[in-house]
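Visitor: I need the structure of the sequence given here:
(chains A and B)
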Amino acid sequence: MGDLGINLPGLITQIISFVILFVILSKVLYKPLVAMLDQRAEKITAGLEAAEKAKEEAARSEEAIQEQLQEARSEGQKLVTQARETADRFREEEMAKIKEELDAERSRAESNIQRERDAAIEELRKEFAGLAITAAEKVVKTSLDEEGHRALIEGVLNEEGSRNN
Amino acid sequence: MSKILGNPRSLAILIICVAVLAISIFGGALGNTLGFGFFASSLPAIQLPAEKIADGFNTPVGKWDLMNTMVTTWLAMLVLIVVSLIIRRNLKDVPGRLQALFEVIMEFFLSLCEQIAGKEKARRFFPLVFTIFIFIVAANWMGILPGFGTVGRIAGPEEIAHHHDAHDYHDPALVTTTHESKESKAEPHGSDEAQGDGHDSHLDTVKLHVFRDYKAIPVAALLLGSLEEELTFSQYKEKDGNVGEGKRAGHLVPFLRSANTDLNMSLAIALIAMVMVHFWGFSILGFFGHAGKFINFKSGPIGFFVGILELISELGRIISFTFRLFGNIFAGEVLLMAMAFLLPLIGIIPFLGLELFVGLIQAFVFAMLTLVFASMASISHDDGDNH
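Guide: Numbers count the residues shown, from 1 in each chain, chains lettered A, B, ... in the order given. Now for the predicted structure:
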């Protein structure tokens, strides 16, 4: 043992040295550092959990928002369709009304025209009868050749035309 | 090649490299045999036991002397304690670099402990395993710093002779010269170590080195060229101890020597590790649970014999622990010395890297084996057999 350099005082010195180092390092280094590592691990776990929770929350709220959006969209759709329907109905009603009015107006105008034409025809007829009578009077009064008739009628008509003018 | 030779800078680097190589080859041991050897470093004295730096005191268990490995042990301890105090002071949730480094190493070992020993035992084993690792790494890496093993005092021929159990040897130089008589008073220890068998001298194989003597400083260093020649004891006697003006014969006793090149240190760690392993075995399994592994009457004579074998293997573990660490680190030290001797300047550069690696690996092996033994000791054999 002596040749190998092993001796009891040296061995005891080294054992004591190592034990001192062990105790000091345990107190100074391991305890606080391991505690810190544990604490940090805990903190990280808590943080991850919180993040997970927040993510879930976000997903849930996102879903809710989506739902609301969907609802709003369909609501809007419904409103638009309703409005369009109302508008269509309103337009049709108006159109029908206008058509009716127009029809009434037209029939009134037509009946007016008819009446006026009838009156004109009546007048014309009256006048024409008068003219015919006048012409007949003239024919009877003058010769009865055909040329003379024509000239006569022409002359009457011209006379009448200029008078009418 | 022509590109390298064309560039003046790389050419200069090449020339310097070749010159350094040539100097280291011819200036070293090889050149010495060829007659150059301008560095003339001879291989320093290599000895297994740690060297004594100062005399100590008598204790009931023997004489306590201050050894160079003790100083290194305390230096390594000091470094570790200072570093941990610094970390402690600046402990932050967001770690600085030093704290982060230690956290990474500690996390590594914590998770290793948890993998091997299980979660609840890991916290118990971790401090010792980690202390073993970090202390051995610190001590090993310190041991390859410059100045370790190369700076020290010079032990004279008389001290060397006493060390080799030749207690009746007297230095002829001390008889003829007067200026070195101080040294003889300073080292009157010879008779204290008188325990050897017979005084037959092993001095024939021991060689003395001749150092330049710097009287102003009582410190010698293995610098380039500080070792001039080697003398055997008979040659020294022929010269009557007169090795030349301003020179001294003797061995360098380094002040610092890698802590684990002392068997006391590695044995101390091994003992602590194994004692703690069995302490955990007893405290986890109960006294009979753990002792029953070794002294086993339950399963017949074969079981009893196996138990005895287990007991022997526990002793074997202490020895293998001790000598594995010691052998690796001591061999590394010798390797570095030999390379510095064979190829001064450049020889040790690759081996420094190797020693860093070996120092780390040995520390890791020691710590891991402690952990494995601890987790084995804390598992009852009855459980283990049923699997």
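Visitor: flag every residue of the stretch 101-250 of chain B that's near chain A.
Guide: Residues of the stretch 101-250 of chain B lying near chain A by C-beta under 8 Å from any C-beta of the partner chain: B:102-103, B:106-107, B:110, B:123, B:126-128, B:130-131, B:134-135, B:195. For the C-beta atoms, the positions are set from N, CA and C on the backbone; glycine is no exception.
Visitor: show me the contacts for B:V79.
Guide: B:A138, B:M142 (C-beta atoms under 8 Å, 6 or more residues apart in numbering or on different chains).
Visitor: got a pLDDT number for it?
Guide: For B:V79, the pLDDT comes out at 94.
Visitor: just to revisit the earlier point, in CSV: the residues of the stretch 101-250 of chain B next to chain A, plus pLDDT and neighbour count.
Guide: Compiled in CSV, those are given as follows (pLDDT from 0 to 100; neighbours: other C-beta atoms under 10 Å in any protein chain shown):
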residue, pLDDT, neighbour count
B:F102, 90, 19
B:E103, 89, 18
B:M106, 91, 18
B:E107, 90, 14
B:L110, 91, 20
B:R123, 88, 15
B:F126, 92, 21
B:P127, 92, 21
B:L128, 94, 22
B:F130, 94, 26
B:T131, 94, 25
B:I134, 94, 23
B:F135, 95, 26
B:Q195, 37, 8
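Visitor: give me the element A:I121 is part of.
Guide: Secondary-structure assignment from DSSP states H and E places A:I121 in helix A:31-141.
Visitor: and the helix or strand following that helix, what's buried?
Guide: For helix A:31-141, the following helix or strand on the C-terminal side (DSSP H and E) is helix A:146-164. By 16 or more other C-beta atoms under 10 Å in any protein chain shown, the buried positions in helix A:146-164 come out as A:L152, A:V156, A:E160.
Visitor: among those, which one sits closest to chain B?
Guide: Closest to chain B out of the buried residues of helix A:146-164 is A:E160 (124.6 Å), distances taken as C-beta to the nearest C-beta.
Visitor: find the nearest non-adjacent residue to that closest one, please.
Guide: Computed as C-beta to C-beta, 6 or more residues apart in numbering or on different chains, the closest residue to A:E160 that is not its neighbour in sequence is A:L131, at 6.0 Å.
Visitor: distance of the one you found relative to A:I153?
Guide: Counting by C-beta to C-beta, to the nearest Å, the gap between A:L131 and A:I153 amounts to 10 Å.
Visitor: ok, and the helix or strand in chain A with the lowest average confidence?
Guide: For chain A, counting by mean pLDDT, DSSP states H and E, helix A:146-164 ranks last in confidence among helices and strands (a mean of 76).
Visitor: now for it, which elements pack on it?
Guide: With contacts taken as 3 or more C-beta pairs under 8 Å, 6 or more residues apart in numbering or on different chains; DSSP states H and E, helix A:146-164 sits against helix A:31-141.
Visitor: and the average pLDDT for stretch B:149-167 is what?
Guide: 75.
Visitor: in three-state terms, how would B:N58 be classified?
Guide: Secondary structure assignment for B:N58 (DSSP: H, G, I helix; E, B strand; the rest coil): strand.
Visitor: can you get me a residue count around it?
Guide: 10 (other C-beta atoms under 10 Å in any protein chain shown).
Visitor: quick check: A:L25 touching B:P127?
Guide: Yes: with contact defined as C-beta atoms under 8 Å, A:L25 and B:P127 form a contacting pair (7.4 Å).
Visitor: contact partners for the residue of chain A found nearest chain B?
Guide: Residue of chain A nearest chain B, by C-beta to the nearest C-beta: A:G5 (2.6 Å). The contact partners of A:G5, taken as C-beta under 8 Å, 6+ apart, are B:L48, B:P49, B:A50, B:D262, B:L263, B:N264.
Visitor: for B:A155, give me phi and psi.
Guide: Backbone dihedrals for B:A155, given as degrees, to the nearest 10, come out at phi -90, psi 130.
Visitor: separation between it and chain A?
Guide: 16 Å (C-beta to the nearest C-beta, to the nearest Å).
Visitor: and that residue, bridged to which residues?
Guide: The bridge-partner assignment for B:A155, based on DSSP bridges, gives B:H251.
Visitor: that one - how many residues pack around it?
Guide: Applying other C-beta under 10 Å, we find 21 other residues in the vicinity of B:A155.
Visitor: hang on, isn't it packed against B:H251?
Guide: Yes: assessed by C-beta under 8 Å, B:A155 is found in contact with B:H251 at 4.9 Å.
Visitor: starting at the chain centroid, how far to the helix or strand harbouring B:T322?
Guide: Secondary structure from DSSP H and E places B:T322 in helix B:300-342. Here the centre of mass of C-alpha atoms in helix B:300-342, compared against the chain's by C-alpha atoms, centre = their mean, to the nearest Å, lies 15 Å away.
Visitor: could you say what helices and strands whichever helix or strand comes after that helix packs with?
Guide: As assigned by DSSP H and E, the chain's next helix or strand after helix B:300-342 is helix B:349-377. Applying 3+ C-beta pairs under 8 Å, 6+ apart, we find helix B:349-377 packed against helix B:97-117, helix B:119-143, helix B:263-285, helix B:300-342.
Visitor: can I get these in TSV including distance to A:E127?
Guide: Supplementary listing: the helices and strands packed on helix B:349-377 in TSV, determined by distance: least, C-beta to C-beta, whole Å:
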stretch	distance to A:E127
helix B:97-117	128
helix B:119-143	132
helix B:263-285	146
helix B:300-342	152
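Visitor: domain map for chain B?
Guide: Residue ranges for each domain of chain B read B:2-32, B:68-146+B:259-386, B:151-254, as given by automatic domain parsing.
Visitor: which of the ones you listed sits most buried?
Guide: domain B:68-146+B:259-386 (a mean of 18; mean count of other C-beta atoms under 10 Å in any protein chain shown).
Visitor: pretty sure B:V365 contacts B:F321?
Guide: No: between B:V365 and B:F321 there is no contact under C-beta under 8 Å: 9.4 Å.
Visitor: ok, now how distant is A:A64 from A:A72?
Guide: Shown here: A:A64 relative to A:A72, a distance of 12 Å by C-beta to C-beta.
Visitor: distance of the residue of chain A closest to chain B from B:M376?
Guide: 31 Å.
Visitor: now residue 30: closest residue in space that isn't a chain neighbour?
Guide: Here I'm looking at chain A. In space, not counting the residues next to it along the chain, A:Y30 is nearest to B:P127; the distance is 5.2 Å by C-beta to C-beta, 6+ apart.
Visitor: the intended chain is chain B.
Guide: For B:L30, the spatially nearest residue (C-beta to C-beta, 6+ apart) is B:L342, at 7.0 Å.
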